[in-house]
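> the sequence and its predicted three-dimensional model are supplied below.
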Amino acid sequence: MLSLWLNVIAGGVLIGLVYGLVALGLTIIFGVMRVVNFAHGEMVVFGIYIGYWTVRIWDAPIFLAAAVAAVVMFVFGYLLETLVVKRFVNRPHHYQFIVFIGLSLLFSGVLLMSFGPDPRPTASQLSFQTVSVGPLTLDWARIQAAATAGLLIAALGAYLKYSAFGRSLRGAANNRLGGLVVGLNIPRVYAVTFGIGAACAGVAGALISPLFDAQPYLAVDFTLLAFVTVIVGGLGSFGGALLGGLTIGVAEAIAALMFTPSMKTALPYALLIIILILRPRGFFGAKDI
Amino acid sequence: MQRTSDQASDTKRWGAGALVFAALAMVGGMSNAYVISLLTIVLLFTFLGQSWNLMLGIGGQLSIGHALFVGIGAYAVAILNIKYGVTPWIGLLLGAVIAGFVGAVLAWLSFRFEVRGIYFALLTIAAAEFARIMFGGWDYVGGMQGLFYQAPSGTMDLGMLRGDARFYYFVALALAAIGVAGTELISRSYWGYVWRAMRDDDEAARALGVRTFRHKVLVVSISAATAAIGGGVLGLVQGAIFPDSIMGMAISVDVLIGPVVGGLGTAFGPLVGSMAAIPLHHAMGALGDSLGLPGLNSVAYGAVLILVVWFLPDGIWPAIVRLYGAIQLPARGRISQLRKAEE
């Protein structure tokens, strides 16, 4: 019994790291630009399809799929910001939200048109390999996904903390006007930020592609999951996204074990409502939204 | 002088509104079944759009989970009617009360620590999704298999709100008229001024002695209750309700697209917007089906939302009013027309 619980919790932690990466993309975009990317789930699904093509069709290792997704989605996010999002950054929140709902509908429509509504299984032999560590028996696919996600989160954290660009990004997040005064190239910072956020979502999608069938309708679920994760951790907080991801991952896994599978999908929302009652701004939420 | 000109333009506005609805009633008397069923949906979403409009356009609170209230209304009517044979009128009333209470609780939770804006919007969508999943797993309300009304016998029965498609068209028309007139009346009432004041500047409104917390809870609650009434009728019109179709994200988007496209905060905007967007959505859906491209309607909706916010941020209706004002009323009248358009 104990080993069952340990296994479930370990599985939750592993998938939680990937959720953390998804949420990190959302929270970076929000923290710097103060816009909520409602099309985040679609970007995750783009990543899943990239994983589907690279792993399934070219038989590439999952790391390569993640790298391809990172590059493609960074360019995608960068272009999307410079062409569309830029024009709405200084508009009231509800206008931004509506634009992003529009983008999300547009992307999911494009996904449906290009790939059709039927799920495409990405399951390779990778999906069925397991590794035993002491009492634990873990998915090899999950371990790879979690390890890559964890490494990327650490690398991104270090990059934001120590590099010159990371400093200007944090400066822009703290005080946009101040950043302009000291000569930051705010439009470029914003475009790169959006690119990084999209890349996080895309990489997470590619990493979980052996675990989820590629399907356009997944997008809404991932968007909502990212929202919940980010709110649980606190919008705009780096550590909050990671902690939120782990919390949701473990809570989901435990709920699936203890209750019915439908509880697994409902639980993040219940958790969110509880968090908002007890700590309205999440674990590490910014004071001013 | 100013007074009389205001009264004159008032009479004109109400007269124009009455004319539009009289024309719609004639359309309902003459058109074929397809047009009627499409316009019924347009008019119902006009009413639902008004409810959403009240919350954001006048009260300043963004909801992207209105499907929650729509679904509560639809389920209240369906459960009472299908399981116990109670008239939908009671169900509509009960649904409105429950949804109003749920809305008030959500607003209270969110606004008591001045958590607003994005957090509130995300709370509404989380609550809607939570309810959708819960209803899907709840056998008493039919679970994912949903609830089905008995096929209408074709005889009109106002007491049980049953009838043919034309009957529901007129029910929807009455609701839309109530929605448009109600928005106009509310936005001119004391509450309307208070809500617009807190929408524009919360702190300034409080400095003037408005208890904005209470008023926010009130506006969300009223909006939720009206959405539930619209949802109850929508369920009757559709003849069957499922958690995914009546509480899903798609309903939340359908509810907001009318007012956004037509004009936020205006009385006529949701009607104009629904008239423009919903037929487009259906046409694109049909075109997509015939071409074998299932996502075409979604692409069209998305593109319309983005383009409207990009090029016509006030929506179509204020643009029409402005155009009309520029042609009709040089100099003096234009300013008052512009002001009207802004409201």
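Yep, that arrived. Residues are numbered from 1 along each chain as shown, chains lettered A, B, ... in the order given.

> so where's the chain uncertain?
No chain in the question, so chain A it is. Applying pLDDT under 70 to chain A picks out residues A:122-128, A:134, A:261-262, A:280-289.

> I was after chain B.
Within chain B, the stretches with pLDDT under 70 are B:1-8, B:114-116, B:152-154, B:326-343.

> switch to 50 and redo it
For chain B, applying pLDDT under 50 flags the ranges B:1-3, B:331-334, B:343.

> beyond the top helix by length along it, next helix or strand please.
Secondary structure of chain B read by DSSP state H shows that its longest helix is helix B:2-30. Per DSSP states H and E, the first helix or strand lying C-terminal to helix B:2-30 is helix B:33-53.

> how far is that following helix from where the chain is centred?
Relative to the centre of its chain, helix B:33-53 is centred 9 Å away, using Cα atoms, centre = their mean, to the nearest Å.

> over to stretch B:91-104?
What separates the centre of stretch B:91-104 from the centre of its chain is 16 Å, taken as Cα atoms, centre = their mean.

> now the residue of the stretch 1-150 of chain B found nearest chain A: phi and psi?
In the stretch 1-150 of chain B, the residue found nearest to chain A is B:Phe130; the distance is 3.6 Å by Cβ to the nearest Cβ. In short, each C-beta sits where N, CA and C put it, glycine included. Main-chain torsions, B:Phe130, degrees, to the nearest 10: phi -60, psi -50.

> in contact with it: list those residues for me.
By Cβ atoms under 8 Å, 6 or more residues apart in numbering or on different chains, the contact list for B:Phe130 reads A:266, A:269-270, A:273.

> rerun at 10 Å
The neighbourhood of B:Phe130, defined by Cβ atoms under 10 Å, 6 or more residues apart in numbering or on different chains, consists of A:228, A:265-273, B:65, B:68, B:247.

> so which bits of the lengthiest helix in chain A are buried?
When chain A is scanned for its longest helix (criterion: DSSP H), the result is helix A:2-33. Neighbour-count burial for helix A:2-33 flags A:7-33 (criterion: 16 or more other Cβ atoms under 10 Å in any protein chain shown).

> filter those residues down to the ones near chain B?
Subset of the buried residues of helix A:2-33 in contact with chain B: A:Phe30, counting by Cβ under 10 Å from any Cβ of the partner chain.

> where's A:Thr137, which helix or strand?
strand A:136-139.

> now that strand, how far from the centre of its chain.
Counting by Cα atoms, centre = their mean, strand A:136-139 is centred 24 Å from the centre of its parent chain.

> give the partner strands of that strand in its sheet and their orientations.
Take DSSP bridges as the rule and strand A:136-139 pairs in its sheet with strand A:130-133 (antiparallel).

> isn't B:Val105 right next to B:Ala127, touching?
Yes: if you go by Cβ atoms under 10 Å, B:Val105 and B:Ala127 touch, sitting 9.3 Å apart.

> more neighbours: which of the two?
B:Ala127 (24 against 15; other Cβ atoms under 10 Å in any protein chain shown).

> check contacts around the more buried one.
A:269, A:272-273, A:276, B:63, B:65, B:67-69, B:102-103, B:105-106, B:109.

> residue 138: neighbouring residues, count only.
Unless you meant another one, I'm taking chain A. 17.

> please refer instead to chain B.
Neighbour count of B:Trp138, defined by other Cβ under 10 Å: 15.

> tell me who's in contact with it.
Counted by Cβ under 10 Å, 6+ apart, B:Trp138 has contacts A:262, B:75, B:131, B:144, B:243.

> as a markdown table, the residues you listed with neighbour count, distance to A:Val133 and secondary structure would be great.
Formatted as a markdown table, the contacts of B:Trp138 follow (neighbours: other Cβ atoms under 10 Å in any protein chain shown; distance: Cβ to Cβ, whole Å; DSSP: H, G, I helix; E, B strand; the rest coil):
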| residue | neighbour count | distance to A:Val133 | secondary structure |
| --- | --- | --- | --- |
| A:Ser262 | 17 | 31 | helix |
| B:Tyr75 | 28 | 48 | helix |
| B:Ala131 | 23 | 40 | helix |
| B:Met144 | 12 | 39 | helix |
| B:Pro243 | 25 | 41 | helix |
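
> B:Ile82 contacts B:Tyr149, correct?
Yes: in this structure, B:Ile82 is within contact of B:Tyr149 by Cβ under 10 Å, at 6.5 Å.

> overlap in contacts, the two.
Listed contacts common to B:Ile82 and B:Tyr149 are B:Ile241; contacts here mean Cβ under 10 Å, 6+ apart.

> wait, what's in contact with B:Ala131?
Taking Cβ under 10 Å, 6+ apart, one finds A:266, A:269, B:65, B:67-69, B:71-72, B:75, B:102, B:138, B:243, B:247 in contact with B:Ala131.

> so which of those residues is the most crowded?
Highest neighbour count within those: B:Phe69, with 40 neighbours (other Cβ under 10 Å).

> checking that one next. Helix, strand or coil?
helix (DSSP: H, G, I helix; E, B strand; the rest coil).

> which residues touch it?
With Cβ under 10 Å, 6+ apart, B:Phe69 has these contacts: B:48, B:51-52, B:63, B:95-96, B:98-100, B:102-103, B:106, B:124, B:127-128, B:131, B:220-221, B:223-231, B:247, B:251-252, B:255.

> which parts of chain A are helices?
A:2-33, A:40-51, A:62-83, A:93-115, A:140-162, A:164-174, A:176-181, A:186-208, A:218-233, A:238-258, A:261-278.

> same question for the stretch 101-250 of chain B.
Applying DSSP state H, counting those that start in this stretch to the stretch 101-250 of chain B gives helices spanning B:118-136, B:165-188, B:190-200, B:202-207, B:212-238, B:243-246, B:249-262.

> out of the contacts of B:Trp138, who's nearest B:Val194?
The nearest member of the contacts of B:Trp138 to B:Val194, counting by Cβ to Cβ, is B:Ala131 at 29.9 Å.

> quick check: the closest one vs B:Gly71, distance?
Note on B:Ala131: its distance to B:Gly71, by Cβ to Cβ, to the nearest Å, is 6 Å.

> what residues are shared contacts of those two?
Common neighbours of B:Ala131 and B:Gly71, counting by Cβ under 10 Å, 6+ apart, are B:65, B:243, B:247.

> surely the last one and B:Leu68 touch.
This points to B:Met247. Yes: the pair formed by B:Met247 and B:Leu68 meets the contact definition of Cβ under 10 Å, at 6.5 Å.

> give me the common contacts of the two.
Here B:Met247 and B:Leu68 have B:128-132, B:231 as joint contacts, going by Cβ under 10 Å, 6+ apart.

> nearest residue to B:Gly60 other than its sequence neighbours?
Distances taken as Cβ to Cβ, 6 or more residues apart in numbering or on different chains place B:Arg199 nearest to B:Gly60, at 2.9 Å, with adjacent residues excluded.

> sweet, I'm off.
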